[in-house]
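Trainee: no sequence on this one, just coordinates:
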Ligand code: SF4
């Protein structure tokens, strides 16, 4: 017998003879926060992320331009702002190891946990979100769901090969519980609310 | 990063003297000290002291957990830091629990979903395999640890891979994976900071979530100066973490293959899910072209809607953080990449047939039961001499080796706190007690322990008397119940007096705070 058949046979021989039905999971959304954007911002901050307040008038991208002003290598996958490393020309993930700032757009965000969903379509090369020193994310304020129950109904989890919730920057406190941002991945995560340029949900 | 002078609040601390008054390294947001991931809610400091080592493991002989725990307790700086940090995680967990109105409903759902899935495990594994294959994932099956290691070696050999970067996985610890890979000439690098520390020090992880929680910064400074060339006199935690980042990054960039575990698997979509904080798992999965994931067969869930329940519970229970920094869903290889999943049994299907113990397969390895356990917090995870330590270890280690782990079910005061915090509602303390009975019946247990068990058994069979006994002894969950320590039958009392008298028992606390049934 193959290992597969062996294991399945052993499972069948050992299955507990009890009746356990599969429960339906409610959406737990009876009491949503007044503002999803404010709740998202607060929880993003709890997770170590930084919410960039958009300027009240003029160029909405100014907060990003200020952050990346002194950077050597910027890799952008969004049409709103240009970088100087073209992600389309990247052959191997490791070629992104010298990126200072990556700029991407989130598919959507979750107010409950301050999380952003970044998919392979958003990133183009998945590793850019981890090899860059810093990550900047554009988020359309209308792309925020209230909690994870709503989040897991989104089509991204059925359509994409890779989809990752980012809740703040990479972090560790493995030594004496001392919190450090920038464990192996990005040292900071900043989010700027910017409406999508077109109705097309994917920037590709 | 802004540093401010923070108000001193020793409330809830087991060892208030550890509270550091100034912490220039606190990361602040909105005027608050951040404590997400496994960060402590308060800055803690202790003095340097040599690190006590773990249990002496001699082949198949029963591990003497009390002996090793005694040595950990005899190192007071280590013991205090360990006790305090894990208690802090437990308190952060409570804080998160109080923030979610439906918490108890989520626990009940999690338990019910797991029990349903485990009782239909063959069906869901089959469904996962079909869907994962359709997405382009190669699916392998391993009966045991040896077969797992051979399969992974085979995949690496087919690709001419000589170096492997990996993220933390308890399953690969269970399989003795690193030792096997070393024997066949494959260089394995752990990329999680805590796990890398343990690898460099030739120690097993001492905790399922925070593998180096038993070490002090001075231990790490000494280790890193020997292994990655840091300044032996620099014990600054930021310096040490940064040094590891810099030392590991070239290994990540040059690795031939990457490996992760998985926290959950979704049958309906053929997805596996990895929850981490450091970004190292996503680097391991996304930098090399080849990604291998080792996954225990019990990790499976039916659909995405079920996953939501577990993601909401996992990090809150584990670390008191609302979410892990990264929750990554892998449904297929990336362009130009290759993805393999190895589904591992290694005793799980047999455990499914143990009437009293099969629900231990519901475990999501959050570590909450360890953080709350007074025996674990005082004795350290390495005292168990087993892959899984703490309360969950007590009930699954004997399934691997009844003789070797015959002492472990006694490393418990049976206070039931583990059961109360478990996000998937495993009746851990009842299973611990049931294992004592099974091991006595199978003659794996020495006489003194049989007597102790009888005494505890009398109390346990009368829950009201048991709770009264704990309350009367004026002890709380924070410490070992006195009547169990000092009854002369449990070697736990040998080492030292319990620090100071606490205020409330778990049950009275629970009753007062949660208002549920006592
Ligand atoms: S037994 Fe429960 S509390 Fe302990 S690690 Fe497993 S899921 Fe967490």
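Mentor: Received the coordinates, thanks. All values reported here derive from a predicted model rather than from experimental measurement.
Trainee: any idea which element the residue of chain A found nearest chain B lies in?
Mentor: Nearest residue of chain A to chain B (C-beta to the nearest C-beta) works out as residue A:185 at 2.1 Å. To be clear about C-beta, it is placed using only N, CA and C from the backbone, and glycine gets the same treatment. Assigned by DSSP states H and E, residue A:185 belongs to no helix or strand.
Trainee: same deal with the one 4 residues further on?
Mentor: Element membership for residue A:189, per DSSP H and E: strand A:188-193.
Trainee: And the contacts of that strand?
Mentor: A:37, A:44, A:48-52, A:54, A:60-61, A:63-64, A:67, A:106, A:109, A:116, A:134-141, A:166, A:168-169, A:181-182 (C-beta atoms under 8 Å, 6 or more residues apart in numbering or on different chains).
Trainee: List the strands paired with that strand, with their directions.
Mentor: If you go by DSSP bridges, strand A:188-193 pairs up with strand A:50-51 (parallel), strand A:134-139 (parallel).
Trainee: what is the rounded mean pLDDT of the shortest one?
Mentor: Model confidence over strand A:50-51, given as mean pLDDT, is 98.
Trainee: Skip ahead from that strand and say which helix or strand is next.
Mentor: Counting by DSSP H and E, what follows strand A:50-51 is helix A:62-68.
Trainee: Tell me if I am right that residue B:328 is in a helix.
Mentor: No - counting by DSSP: H, G, I helix; E, B strand; the rest coil, residue B:328 is not found in a helix; it is strand.
Trainee: Just give the closest residue to it, not the sequence neighbours.
Mentor: residue A:164 (4.0 Å; C-beta to C-beta, 6 or more residues apart in numbering or on different chains).
Trainee: List the residues that contact residue B:376.
Mentor: B:86, B:370, B:389, B:390, B:391, B:411.
Trainee: Now distance to the ligand and pLDDT too, for those, in TSV please.
Mentor: Formatted as TSV, these follow (distance: C-beta to the nearest ligand atom, whole Å; pLDDT from 0 to 100):
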residue	distance to the ligand	pLDDT
B:86	13	98
B:370	7	98
B:389	10	97
B:390	7	97
B:391	6	97
B:411	14	93
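Trainee: Would you verify that residue A:83 is located in a strand?
Mentor: No - assessed with three-state DSSP, residue A:83 is coil; it does not lie in a strand.
Trainee: and residue 18, how many neighbours does it have?
Mentor: All of this is about chain A. Per other C-beta atoms under 10 Å in any protein chain shown, the neighbour tally for residue A:18 reads 11.
Trainee: My question was about chain B, not that one.
Mentor: 20.
Trainee: contacting residues for the residue lying closest to it once chain neighbours are set aside?
Mentor: In this structure, residue B:18 finds its nearest non-sequential neighbour in residue B:44, 4.6 Å apart by C-beta to C-beta, 6+ apart. Shown in contact with residue B:44 (C-beta under 8 Å, 6+ apart): A:176, A:177, B:18, B:19, B:20, B:81, B:84, B:85, B:88.
Trainee: Compare those residues and tell me which is most surrounded.
Mentor: Highest count within the contacts of residue B:44 by other C-beta under 10 Å belongs to residue B:81, 26 neighbours.
Trainee: can you pull the contacts of the residue of the stretch 151-300 of chain B found nearest the ligand?
Mentor: Closest to the ligand within the stretch 151-300 of chain B is residue B:208: 6.3 Å, counting by C-beta to the nearest ligand atom. Contact analysis of residue B:208 by C-beta under 8 Å, 6+ apart lists B:170, B:365, B:366, B:367, B:370, B:388, B:392.
Trainee: Of these, which belong to helices?
Mentor: Applying DSSP state H to the contacts of residue B:208, the entries found in helices are B:170, B:370, B:392.
Trainee: coming back round to it: scan the contacts of residue B:208 and report the most crowded one.
Mentor: Neighbour-wise, those (other C-beta under 10 Å) top out at residue B:370, 29 neighbours.
Trainee: In space, what's closest to that residue - neighbours in sequence excluded?
Mentor: residue B:390 (3.2 Å).
Trainee: Make sure residue B:265 is indeed in a strand.
Mentor: Yes - counting by three-state DSSP, residue B:265 is located in a strand.
Trainee: Show me the beta-bridge partners of it.
Mentor: residue B:272, residue B:300.
Trainee: so it makes contact with residue B:300?
Mentor: Yes - at 4.5 Å, residue B:265 and residue B:300 qualify as touching, with contact defined as C-beta atoms under 8 Å.
Trainee: Quickly list what's touching both of those two.
Mentor: residue B:128.
Trainee: what residues are up against the residue of the stretch 301-450 of chain B found nearest chain A?
Mentor: The minimum distance from the stretch 301-450 of chain B to chain A, using C-beta to the nearest C-beta, falls at residue B:353 (3.2 Å). Residues near residue B:353 by C-beta under 8 Å, 6+ apart: A:13, A:14, A:15, A:16.
Trainee: The first one looks like it's in a helix, true?
Mentor: Yes - the secondary structure assignment for residue A:13 places it in a helix, going by three-state DSSP.
Trainee: Tell me the pLDDT of it.
Mentor: 98.
Trainee: that older thread, now do the residue of the stretch 301-450 of chain B closest to chain A against residue B:347, distance only.
Mentor: Residue B:353 is 11 Å from residue B:347, where distance means C-beta to C-beta, to the nearest Å.
Trainee: near chain B, anything from stretch A:62-78?
Mentor: No - judged by C-beta under 8 Å from any C-beta of the partner chain, stretch A:62-78 and chain B are separated, with a smallest distance of 14.6 Å.
Trainee: Now do the closest residue to residue B:245 other than its chain neighbours: how many residues are near it, please.
Mentor: Leaving aside its sequence neighbours, residue B:245 sits nearest to residue A:184 (C-beta to C-beta, 6+ apart; 6.1 Å). When neighbours are defined as other C-beta under 10 Å, residue A:184 has 29 of them.
Trainee: Looks like residue A:184 contacts residue B:251 (just checking).
Mentor: No - Residue A:184 is beyond contact range of residue B:251, at 10.9 Å (criterion: C-beta under 8 Å).
Trainee: What ranges does the chain have for its strands?
Mentor: Since you didn't name a chain, this refers to chain A. A:50-51, A:74-76, A:101-105, A:108-110, A:115-119, A:134-139, A:144-145, A:162-166, A:171-172, A:180-181, A:188-193 (DSSP state E).
Trainee: ah, no, chain B please
Mentor: B:28-29, B:32-33, B:138-142, B:163-166, B:187-190, B:257-260, B:264-266, B:271-276, B:290-296, B:300-301, B:326-330, B:338-344.
Trainee: Now the stretch 201-350 of chain B against chain A: closest residue?
Mentor: residue B:279 (2.1 Å).
Trainee: Now stretch B:421-433: buried residues?
Mentor: B:421, B:422, B:423, B:424, B:425, B:426, B:427, B:428, B:429, B:431, B:432, B:433 (16 or more other C-beta atoms under 10 Å in any protein chain shown).
Trainee: so which of these are also by the ligand?
Mentor: B:421, B:422, B:423, B:424, B:426, B:428 (C-beta under 6 Å from any ligand atom).
Trainee: Please convert the residues you listed to TSV, extending it with pLDDT and distance to residue B:296.
Mentor: Below are these laid out as TSV (pLDDT from 0 to 100; distance: C-beta to C-beta, whole Å):
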residue	pLDDT	distance to residue B:296
B:421	98	22
B:422	98	18
B:423	98	17
B:424	98	14
B:426	98	16
B:428	97	18
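Trainee: biggest separation within those, which pair?
Mentor: B:423 and B:428 (11.8 Å; C-beta to C-beta).
Trainee: if we can go back for a sec, for the residue nearest to residue B:245, report the pLDDT, please.
Mentor: Looking at residue A:184, the pLDDT reads 97.
Trainee: and what of the one 10 residues further on?
Mentor: pLDDT, residue A:194: 97.
Trainee: can you pull the contacts of it?
Mentor: Per C-beta under 8 Å, 6+ apart, neighbours of residue A:194: A:54, A:60, A:61, A:80, A:138, A:139, A:140.
Trainee: If anything else comes up later, I'll come back, but that's it for now.
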